[in-house]
Every structure is written in structure tokens, then in C-alpha cells.
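S.K.: Structure of the sequence below:
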Amino acid sequence: MTSIVRAILVLAIAWPATGRTALRMNDFAYGLRIATSEKTPLVKLAVPKSVYRHLARADAGDIRVFSMDGRMIPHLLKRPALDDQTPDGQNLPLFPLYSESTATGSHDVRIHTDPSGAVLRITPPPAASTPRPPPVYLIDASQLERRLERLILTWERLRPDVLVEARLEASNDLVQWHPVLSTVTLADIRHGQRRVQNRTIPWPPEKDPAAYLRLSWLSGGEAIRVERVEGLLRPEGELPQRFWIRAAYRTDREMPGSMQFDSGGVFPVDRIDLKLPQGNSLLTGTVKSRENERAVWRVHFRGPFYHLKVSDTTLHNDPVRVAETTDRFWKLDIDSPQSGLGTSVPRLMLGGRTHDIFFAPDGGGTYILAFGSQRAPVLDPPPDLVEKVASGESVTRVDIGRRIELGGAARLAQTPSGPSGRMLSLSTWLLACVLLVAFLAWWVVRRLLHRY
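M.R.: Next up is the predicted model:
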């Protein structure tokens with residue numbers, strides 16, 4: 001009796017485990033080789049954008065790290081810090097310079113600064129009755145708290161349309177100047193029924209900070225008078241790695257006034273842009289997306305996209321920021337009365353930020369970043385790894401090799417629906433309890449019959 005009951009209990013405990021087997025490398029579609037050295041305590045790598053084309057889960061939960069002998073290595077999948085907040089801005093002191101020779105570094109004006117380097121005044125001051133706009137502006141950036149990301153100009157328009165070619169230079173001593181941007185185009189023009197403006201001067205990320213900036217006009221400067229310059233500051237910390245992909249146009253879904261696109265994966269998208277093929281195009285439309293063919297379309301943006309050529313100068317809209325989504329299918333509804341696209345198909349460009357992966361290698365050697373599996377569940381992040389990353393422990397960035405095939409594309413196919421592991425476990429316990437109760441009832445009846 002005791003041995004039979006024990007056998008039933010063992011079966012009930014062991015049976016649920018048969019429905020949950022450990023994942024192996026071959027359970028994933030593809031992999032990437034990762035080479036590490038023996039003195040690498042913590043590895044950090046950015047997920048290549050090609051990985052997102054072969055994921056089964058929109059949350060990137062079907063990514064694993066394996067050693068070459070098949071052991072699964074604990075890893076932490078982390079989203080980079082958001083960079084879609086409005087950057088901090090700071091108004092910068094602006095000083096007009098009316099002498100033409102100041103653009104070449106002449107010393108016919110004197111610039112007075114305080115002990116911190118801030119510009120106090122310029123002598124001689126410009127005449128109050130000067131009617132023409134200044135050809136050069138001195139911008140004091142010596143008091144900025146962080147690195148500069150871009151400049152935003154506010155100006156008075158002296159002509160109906162403005163198209164200015166400008167040059168930006170930098171200095172730390174007001175004597176030696178070096179170029180930052182040899183040519184940048186600023187515009188405030190009317191095209192059709194819309195006004196197209198570009199008042200932004202980007203600061204190249206590879207350029208070092210500078211205390212003083214000099215903005216001069218190459219052409220068209222007589223059309224504006226700059227009134228204010230705002231410096232937008234770069235966010236603190238390391239900038240996330242960004243990517244751009246082109247969504248494929250779906251010719252099978254052609255409809256008048258509407259175009260559909262397919263990103264081909266579960267890319268985390270937070271930027272959209274339209275590349276208009278014709279040289280002088282302005283399009284007003286609504287950009288939408290959805291997860292699958294049966295889902296409802298969600299609106300991300302409605303407004304203009306343009307690609308204009310004016311006097312040998314090309315103007316293009318800035319990429320549009322949108323709420324991050326991993327939707328695969330995209331749609332552009334065109335507002336025909338306000339658009340001049342013609343019969344051309346624009347290129348829909350999708351941009352985003354990749355995940356970062358952290359793991360502690362068990363000695364040097366080669367590891368496999370495996371991805372793409374319908375069987376893979378989301379894993380809870382290892383607490384010790386989370387603590388190491390949060391503490392700022394030094395990490396080593398490693399290179400990723402070429403893609404290799406593991407289980408192949410079949411691992412991405414949707415498996416037939418069936419009971420989950422939890423339901424299978426519950427049903428097994430219920431079956432075991434029924435068998436146990438039936439056995440006890442049979443045993444009691446048998447004893448009673450034997451007694452009487």
C-alpha cells in the first residue's frame with residue numbers, strides 16, 4: 001500500500017517536469033559569435049539591428065547567451081536611457097559685430113571679459129543708428145554647464161523669404177579660431193501654403209566644447225537680424241547607439257491616397273522620416289502603425305514632410321519623434337490637396353535605439369548570442385548582475401562576429417497551440433489526485449469486503 005502511494009506521488013511530481021525542458025542553442029534560429037578575453041569581468045554589447053529581424057518576441061525576450069559547450073550564461077537585457085526628453089536650454093549672450101574684418105580675426109574691436117571668461121562688453125560698441133544687420137555675431141558659451149548639442153536662433157525677418165548660408169567657428173581665447181561648420185543653411189521661406197523654417201545649427205558630436213562661438217554669413221545674411229540664441233545642452237551620460245532602417249513598400253496593399261510599409265521585424269522605433277524622391281516635394285500626411293494584420297492602426301504623427309531645392313540649397317525636414325513601438329506594419333495616409341508627391345513612392349525610414357546586453361563571462365573564449373525562438377519565455381534579470389550594472393562596475397565592449405545558423409528559420413515558426421507548462425502541471429496534479437482517491441476508495445472497499 002505505502003509503495004503504491006509513493007509511486008503515484010513520484011509520478012505526479014516528475015510528470016510536470018517533462019513538459020518543461022531546458023532551452024538549448026539549437027532551440028534558437030540564429031546566433032552571433034562573441035569573443036572575450038580572460039580579464040573581462042563584465043561584457044556590454046549593443047544588440048545589432050539585424051537581430052530584430054529574427055526575433056519571435058516583441059520584448060526581445062528570446063535572446064540568450066551560451067558558452068561554446070552549451071551552457072546558458074545569465075545575462076541582463078537593458079534598454080538605454082531615454083533620449084526623447086526636451087533638452088535643457090540656456091540663453092547665450094549675443095554680441096553683434098559690425099566690422100567686416102572681424103570675420104578674419106582682426107583686432108579692430110576689443111572684447112572685455114570677467115575672471116570667469118564671460119564676455120562683459122565690446123568696444124567700440126555698435127552705433128545705435130546702424131540700419132543694416134551685422135555680418136558677424138559673437139556668442140558667449142563660456143558659462144555652459146554641459147556640452148552643447150545645438151543652437152536655436154530667433155531672428156527678425158527683414159525680407160519675405162530668408163535663405164542664409166552661414167559659417168560657425170569656435171575659440172577658447174578669442175584669438176585663435178577654428179571652424180566648427182564650414183557651411184550651414186538657415187531658412188524661413190514659403191512653399192505653397194506652408195512656411196518652411198530651419199533655425200537650428202547642430203553642434204557636431206566629435207567637436208570639443210568651446211568658450212566662444214563666431215557666427216558669420218556667407219550669403220543672405222542681410223535678410224535677418226538675429227535677436228536671440230538658445231543653446232540646447234546634450235543629455236548627461238553616454239549617448240545611446242541609434243539605428244535607421246528602410247521599411248519595405250508593400251505593393252500588394254496599394255490604395256489611392258494611402259501607402260503601407262513593412263519593417264520586417266520587431267524594431268524598437270522612436271523616430272520616423274520620409275525621404276521624398278523628387279527634388280521639390282512637400283507632403284502632408286498621417287503616419288500610423290500596427291502590430292499585425294488584424295490589429296487597429298495607431299496614429300503617431302500628422303504633419304508635413306518636405307524635400308526642397310532652393311537656389312542650389314537642399315532643405316529637408318528633421319526626423320519626427322514618436323512614442324516607442326515595436327509595431328511591424330506602417331501606413332502613410334496622404335492629404336492630397338496639400339501634397340505634391342506625384343506618382344513617386346517615398347522611402348519610409350525608421351529609427352530607434354538598440355538594447356544593451358550585459359553578462360559576466362566564465363573565463364575568456366568565445367560565446368554565442370542566440371536569438372529567435374518561439375519557445376523562449378521572458379527571463380527575470382539575475383539580481384547580482386543587476387547590482388553590478390547599477391553600481392557602475394567597469395564593463396568591456398566587445399565586437400560581434402558574423403551570423404551563424406543554429407536551429408534555422410523553423411524555430412521562428414508559430415508552434416501549434418496547446419496547453420502551457422503551468423496548465424499541464426495543474427492537470428497532471430489533478431489527475432494524480434483522482435488516481436490516488438480512486439485507489440484509496442478501491443482499497444477501502446476491498447478491505448470491507450474482505451472483513452465481511
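S.K.: Around the closest residue to residue 212 other than its chain neighbours, count how many other residues there are.
M.R.: Nearest residue to residue 212, sequence neighbours excluded (CB to CB, 6 or more residues apart in numbering): residue 171, at 4.9 Å. The C-beta positions use only the backbone N, C-alpha and C, and glycine is treated the same way. Neighbours of residue 171 under the rule other CB atoms under 10 Å: 16.
S.K.: Residue 171 contacts residue 209, doesn't it?
M.R.: No: between residue 171 and residue 209 there is no contact under CB atoms under 8 Å: 11.6 Å.
S.K.: tell me which residues form a beta bridge with the closest residue to residue 199 other than its chain neighbours?
M.R.: Spatial nearest neighbour of residue 199, chain neighbours left out: residue 153 (4.6 Å); criterion: CB to CB, 6+ apart. Legend: beta-bridge partners of residue 153 under DSSP bridges are residue 229.
S.K.: Surely residue 153 and residue 186 touch.
M.R.: Yes: using CB under 8 Å, residue 153 is in contact with residue 186, at 6.8 Å.
S.K.: what comes up buried for stretch 90-101?
M.R.: Judged by neighbour count using 16 or more other CB atoms under 10 Å, the buried positions of stretch 90-101 are 90, 92, 94, 95, 96, 97, 98.
S.K.: what's near enough to touch the third one?
M.R.: Under the criterion of CB atoms under 8 Å, 6 or more residues apart in numbering, the contact list for residue 94 reads 137, 138, 139, 140, 226, 228, 229.
S.K.: run the last query once more with 10 Å
M.R.: 119, 137-140, 153-154, 213, 215, 226-229 (CB atoms under 10 Å, 6 or more residues apart in numbering).
S.K.: care to break the chain down by domain?
M.R.: Domain segmentation of the chain under automatic domain parsing yields 23-74+358-412, 89-233, 243-353.
S.K.: Show the average pLDDT along the second one.
M.R.: Regarding domain 89-233, the rounded mean pLDDT is 83.
S.K.: Check stretch 329-348 too.
M.R.: 79.
S.K.: what does stretch 255-264 give?
M.R.: 90.
S.K.: swap in stretch 50-57?
M.R.: 94.
S.K.: next one: stretch 306-318
M.R.: Here the average pLDDT along stretch 306-318 is 77.
S.K.: What are the contacting residues of that stretch?
M.R.: Applying CB under 10 Å, 6+ apart, the set of residues contacting stretch 306-318 is 161, 163-165, 183, 185-187, 189, 191-192, 194, 196-198, 200, 219-220, 271, 273-284, 303-305, 340, 346.
S.K.: let's see 6 Å
M.R.: 163, 185, 187, 191, 196, 276, 279, 280, 281, 282, 305 (CB atoms under 6 Å, 6 or more residues apart in numbering).
S.K.: Burial check on the fifth one, number of neighbours?
M.R.: A count of neighbours around residue 196, defined by other CB under 10 Å, yields 19.
S.K.: in which helix or strand would I find it?
M.R.: Taking DSSP states H and E as the definition, one finds residue 196 inside strand 194-198.
S.K.: buried residues in that strand?
M.R.: 196, 198.
S.K.: Can you tell me the strand partners of that strand and which way each runs?
M.R.: Sheet pairing here is set by DSSP bridges, and for strand 194-198 it gives strand 178-191 (antiparallel).
S.K.: Please report the distance of residue 66 from residue 35.
M.R.: Per CB to CB, to the nearest Å, residue 66 is found 14 Å from residue 35.
S.K.: Show me where the protein has its helices.
M.R.: 2-17, 383-390, 421-451 (DSSP state H).
S.K.: as a whole number, average confidence for the second one?
M.R.: Mean pLDDT, computed over helix 383-390, is 88.
S.K.: how near is the closest residue to residue 291 other than its chain neighbours to residue 296?
M.R.: Leaving out its chain neighbours, the residue that sits closest to residue 291 by CB to CB, 6+ apart is residue 327, at 5.1 Å. For residue 327, the distance to residue 296 equals 11 Å [CB to CB].
S.K.: Show me the beta-bridge partners of the residue nearest to residue 51 when sequence neighbours are not counted.
M.R.: The spatial neighbour of residue 51 that comes closest, neighbours along the chain excluded (CB to CB, 6+ apart), is residue 371 at 5.2 Å. Listed by DSSP bridges, the beta-bridge partners for residue 371 are residue 30, residue 63.
S.K.: Show the contacting residues for residue 371.
M.R.: 28, 51, 63.
S.K.: and which of these is nearest to residue 258?
M.R.: residue 51 (30.8 Å; CB to CB).
S.K.: Count the residues that sit near that closest one.
M.R.: The number of residues packed near residue 51 is 23, by other CB under 10 Å.
S.K.: how close does it get to residue 73?
M.R.: 17 Å.
S.K.: And for residue 142?
M.R.: Note on residue 142: its distance to residue 73, by CB to CB, is 49 Å.
S.K.: okay, the two: which has more neighbours?
M.R.: More crowded of residue 142 and residue 73, by other CB under 10 Å: residue 142, with 19 against 16.
S.K.: Go ahead and confirm the more buried one touches residue 114.
M.R.: No: Residue 142 is not in contact with residue 114 according to CB atoms under 6 Å; the separation is 9.6 Å.
S.K.: Might you report the residue contacts of residue 153?
M.R.: With CB under 6 Å, 6+ apart, residue 153 has these contacts: 199, 226, 229.
S.K.: one more time with 7 Å, if that's ok
M.R.: Contact analysis of residue 153 by CB atoms under 7 Å, 6 or more residues apart in numbering lists 186, 199, 226, 229.
S.K.: Just the buried subset of those, please.
M.R.: 186, 199, 226, 229.
S.K.: With respect to residue 438, which of those residues is nearest?
M.R.: For these, the nearest to residue 438 is residue 199 (81.9 Å; CB to CB).
S.K.: burial measure for the closest residue to residue 80 other than its chain neighbours, as a count.
M.R.: Excluding the flanking residues, the one nearest residue 80 by CB to CB, 6+ apart is residue 240, at 3.5 Å. By other CB under 10 Å, 17 other residues sit near residue 240.
S.K.: from what I can see residue 240 touches residue 352, true?
M.R.: No: at 9.4 Å, residue 240 does not count as touching residue 352 under the criterion of CB atoms under 7 Å.
S.K.: picking up where we left off before, now that we have the domains of the chain, can you turn them into CSV and tack on distance to residue 447?
M.R.: CSV is the format used below for those (distance: least, CB to CB, whole Å):
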stretch, distance to residue 447
domain 23-74+358-412, 47
domain 89-233, 85
domain 243-353, 60
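S.K.: Just tell me which of those domains ends up closest to residue 435.
M.R.: That would be, of the domains of the chain and by CB to CB, domain 23-74+358-412, which comes in at 29.8 Å.
S.K.: ok now that closest one, how far from the chain's centre?
M.R.: Relative to the centre of its chain, domain 23-74+358-412 is centred 20 Å away, using CA atoms, centre = their mean, to the nearest Å.
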